[in-house]
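*Asks:* kindly generate the corresponding structure for this input.
(4 chains)
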There are 2 protein chains.
Amino acid sequence: MAERAGQADGRADRILDAAGELLVRLGYRKVTVEDIAQLAGIGKGTVYLHWRTKQQLFEALLLREAISYVEQLLDGLRRDPALLLPHRFVAESFLIVGGRPVLRALSEGYLRQRQGRFTDAFLHSQELLASERFYGLMTRHGLFRDDVPSLSYTLSAMMMGFHLDDTAHLVGVEMDMRARAESISFVIRHAFEPPEPPGPEELAEAAAEVIAVFEALIPPYRTWIYAYERKHEPG
Amino acid sequence: MAERAGQADGRADRILDAAGELLVRLGYRKVTVEDIAQLAGIGKGTVYLHWRTKQQLFEALLLREAISYVEQLLDGLRRDPALLLPHRFVAESFLIVGGRPVLRALSEGYLRQRQGRFTDAFLHSQELLASERFYGLMTRHGLFRDDVPSLSYTLSAMMMGFHLDDTAHLVGVEMDMRARAESISFVIRHAFEPPEPPGPEELAEAAAEVIAVFEALIPPYRTWIYAYERKHEPG
DNA sequence: GTGTTGACCAGATTTCATAATTGGTCACGA
DNA sequence: TCGTGACCAATTATGAAATCTGGTCAACAC
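*Replies:* Numbering: from 1, shown residues only, chains lettered A, B, ... in the order given. Coordinates of the predicted model:
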């Protein structure tokens, strides 16, 4: 077994690097495992020493990107807890995703084929757990209004159109990423935040909790990325 | 020429009825002009006495539906000017569209293939003109906040995700039309309307203006539906 | 004449059999 | 022990032939 080969010499990461580069250049469908192996300077069989299938490889890539994205966000949060205000938080997220080609390519692909190709049962449950805790925490600290109907649905439906690149075309205007982020920010500020934002110390406390929640989430995810053994797909 | 055949005997409407029924059953691609003619009980050539192309036929259908939809909205507005409050107006629109299978099928098709297949230059310019006047009028009467960035983009991007049927799937919840309308309504109320809604007489005045704008719009559109002669596609 | 039609045509779409590619395995070699 | 690429089944690309469909118009009915 080569279970810790990746951890030991970083080969897994080099493979993921290659996968990411090719993904951005060609899109999921056109990337072959052989391409990836070649670009990573290894044999094709070696890829399968790290992940059972091509799909799991890309799940790992998605996860690695997501972790790095969350870490970037948490960094910001540590520097300035006021970033936790949803209108800032979401705009910042939007811009971070926009600035990461691999994440963009992955989430675009994800939106295109809705069957949740990249999220198997484990990831999904974890994610739901996290977002539930996150929303609860935010609401409890007065960062979200407590009277938004179906908060998680409403928020994601509201944001959907901003993520789709061609919404602007429909109304015949040109909107760059920054302008779109500003629009989102405005809507969030007025529709999802209470009129009175929480004070600095409440904010700091909430930020600490959020940081704790997400930091706790990262290690199991990281393990998942590099561990060869996986739960099997649910029937 | 058979320019007024439709007006005289209602044949154009029967063709559009047939087109609508087939559209809902089969979708745009699978509907053939021959099917339409057969269901309308006429020969295929006759369809082309009314419209130059299949696409124009469906543009006419879209327009007829849109007019009927606007009339339904204006009726409501006449009964209760407070329906002009955006959070009510938009929720009402959303439910009206949801309750009209033909309109749903058309707008779904429209969203799917973004090239604006159903809106040629004339329709588009008219529509832009209308919505520009509409937004201006609404803002002037204090129905929209005057500080929303890129109002028309922000509004339509915000609503996009609610129209897409499968947004709910992404967060794993079930939302019926009424619940979705409630979500939209909430967001609009808080993000797009000023804190203080206009008084009843301001509302009545604004409603009258809106009614006038849209009523003026309808006749040329109706003419467009039934008149054989069309502007040619722009080069 | 006037209004309607369906056979007809070119171009688009579908079909279907064949060829090429690719995810995944594993016997072999370093 | 770890890594590899030839190998295989299965999916996917290809392309030529067959079918379908939007649009026209000569012929027909009234």
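*Asks:* now do the helix or strand where residue A:137 lies, average pLDDT.
*Replies:* In this structure, residue A:137 sits in helix A:121-140 according to DSSP states H and E. Averaged over helix A:121-140, pLDDT sits at 75.
*Asks:* next: stretch A:159-167.
*Replies:* This predicted structure assigns stretch A:159-167 an average pLDDT of 86.
*Asks:* centre of the chain to that stretch, how far?
*Replies:* Computed by C-alpha atoms, centre = their mean, to the nearest Å, the separation of stretch A:159-167 from the middle of its chain amounts to 16 Å.
*Asks:* what do you get for stretch A:192-211?
*Replies:* If you compare the mean C-alpha spot of stretch A:192-211 with that of the full chain, they lie 22 Å apart, counting by C-alpha atoms, centre = their mean.
*Asks:* only the buried residues of it, if you could.
*Replies:* Neighbour-count burial for stretch A:192-211 flags A:192-193, A:197-198, A:203, A:206-207, A:209-211 (criterion: 16 or more other C-beta atoms under 10 Å in any protein chain shown). From N, CA and C alone the C-beta is placed, and that goes for glycine too.
*Asks:* which residues touch stretch A:160-174?
*Replies:* A:94, A:107, A:111, A:175, A:180, A:183-184, B:114, B:124, B:128, B:150, B:152-153, B:156-161, B:164, B:167 (C-beta atoms under 8 Å, 6 or more residues apart in numbering or on different chains).
*Asks:* show the model's pLDDT score for the spatially most central residue of chain A.
*Replies:* Residue closest to the mean C-alpha point of chain A, counted by C-alpha atoms, centre = their mean, is residue A:66 at 3.9 Å. What the model reports for residue A:66 is a pLDDT of 90.
*Asks:* which residues of chain A fall in strands?
*Replies:* Taking DSSP state E as the criterion, chain A carries no strands.
*Asks:* one step back: show me which of the contacts of stretch A:160-174 are buried.
*Replies:* The buried subset of the contacts of stretch A:160-174 (16+ other C-beta under 10 Å) comprises A:94, A:107, A:175, A:180, A:183-184, B:150, B:152-153, B:156-161, B:164, B:167.
*Asks:* for the one residue in chain A that gets nearest to DNA strand D, give me its contacts.
*Replies:* At 1.9 Å from DNA strand D, residue A:45 is the closest residue in chain A, using C-beta to the nearest atom of the strand. Residues near residue A:45 by C-beta under 8 Å, 6+ apart: none.
*Asks:* do you know how far it is from residue A:38?
*Replies:* For residue A:45, the distance to residue A:38 under the criterion C-beta to C-beta, to the nearest Å works out to 13 Å.
*Asks:* got it, and residue A:150?
*Replies:* In this structure, residue A:150 and residue A:38 are separated by 47 Å, where distance is defined by C-beta to C-beta.
*Asks:* interface residues of chain A facing chain B?
*Replies:* Applying C-beta under 8 Å from any C-beta of the partner chain, we find that chain A lies next to chain B at A:114, A:124, A:128, A:148-150, A:152-154, A:156-162, A:164, A:166-173, A:175, A:179-180, A:182-183, A:186-187, A:189-191.
*Asks:* inside helices: which ones of those residues?
*Replies:* Among the residues of chain A next to chain B, the residues falling in helices (DSSP state H) are A:124, A:128, A:152-154, A:156-162, A:167-171, A:179-180, A:182-183, A:186-187, A:189-191.
*Asks:* quick check: closest non-adjacent residue to residue A:57.
*Replies:* Excluding the flanking residues, the one nearest residue A:57 by C-beta to C-beta, 6 or more residues apart in numbering or on different chains is residue A:51, at 4.3 Å.
*Asks:* quick one, helices of chain A?
*Replies:* Applying DSSP H to chain A gives helices spanning A:5-9, A:11-26, A:33-40, A:44-50, A:54-79, A:86-98, A:101-112, A:121-140, A:151-163, A:167-171, A:177-191, A:200-226.
*Asks:* of all those helices, which one is nearest residue B:24?
*Replies:* Ranking the helices of chain A by distance to residue B:24, with C-beta to C-beta as the measure, places helix A:167-171 first at 23.0 Å.
*Asks:* quick check, pLDDT for the nearest residue to residue A:24 once chain neighbours are set aside.
*Replies:* Spatially, and ignoring its direct neighbours in sequence, residue A:24 is nearest to residue A:101 (4.7 Å; C-beta to C-beta, 6+ apart). Model confidence at residue A:101, given as pLDDT, is 95.
*Asks:* distance check, residue A:101 against DNA strand C.
*Replies:* Here the criterion is C-beta to the nearest atom of the strand, to the nearest Å. By it, residue A:101 lies 20 Å from DNA strand C.
*Asks:* burial check on that residue, number of neighbours?
*Replies:* Residue A:101: 14 surrounding residues under other C-beta atoms under 10 Å in any protein chain shown.
*Asks:* check residue A:47 too.
*Replies:* Residue neighbour count, defined by other C-beta under 10 Å, stands at 21 for residue A:47.
*Asks:* which ones are touching it?
*Replies:* Contact criterion C-beta under 8 Å, 6+ apart gives A:15, A:33, A:36-37, A:40, A:57 as the residues in contact with residue A:47.
*Asks:* ok, now with 6 Å
*Replies:* The contact partners of residue A:47, taken as C-beta atoms under 6 Å, 6 or more residues apart in numbering or on different chains, are A:33, A:37.
*Asks:* can you give me the distance of it to residue A:215?
*Replies:* Residue A:47 sits at a distance of 30 Å from residue A:215 (criterion: C-beta to C-beta).
*Asks:* what's the answer for residue A:190, then?
*Replies:* Residue A:190 is 31 Å from residue A:215, where distance means C-beta to C-beta.
*Asks:* residue A:58 too?
*Replies:* Distance, residue A:58 to residue A:215, by C-beta to C-beta: 25 Å.
*Asks:* quick one: which of those two has more around it?
*Replies:* More crowded of residue A:58 and residue A:215, by other C-beta under 10 Å: residue A:58, with 22 against 12.
*Asks:* and the more buried one, how far is that from chain B?
*Replies:* Distance check for residue A:58 against chain B: by C-beta to the nearest C-beta, to the nearest Å, it reads 19 Å.
*Asks:* Provide a list of residues in contact with that residue.
*Replies:* Applying C-beta under 6 Å, 6+ apart, no residues qualify as near residue A:58.
*Asks:* swap in the one 10 residues further on?
*Replies:* Residue A:68 makes no contacts at all, as judged by C-beta under 6 Å, 6+ apart.
*Asks:* redo that, cut-off 10 Å
*Replies:* By C-beta atoms under 10 Å, 6 or more residues apart in numbering or on different chains, the contact set of residue A:68 is A:96, A:100, A:102-103.
*Asks:* pLDDT weak spots in chain A?
*Replies:* A:1-8, A:110-129, A:229-235 (pLDDT under 70).
*Asks:* for chain A, what lies in contact range of DNA strand C?
*Replies:* A:30-34, A:44-45, A:48, A:52-55 (C-beta under 7 Å from any atom of the strand).
*Asks:* scan those residues and report the most crowded one.
*Replies:* Within the residues of chain A next to DNA strand C, neighbour counts (other C-beta under 10 Å) peak at residue A:31, which reaches 22 neighbours.
*Asks:* show me what contacts the residue lying closest to residue A:84 once chain neighbours are set aside?
*Replies:* When the adjacent residues along the chain are set aside, residue A:84 lies closest to residue A:207, with 4.9 Å between them (C-beta to C-beta, 6+ apart). Taking C-beta under 10 Å, 6+ apart as the contact definition, residue A:207 lies against A:74, A:77-78, A:80-84, A:141, A:143.
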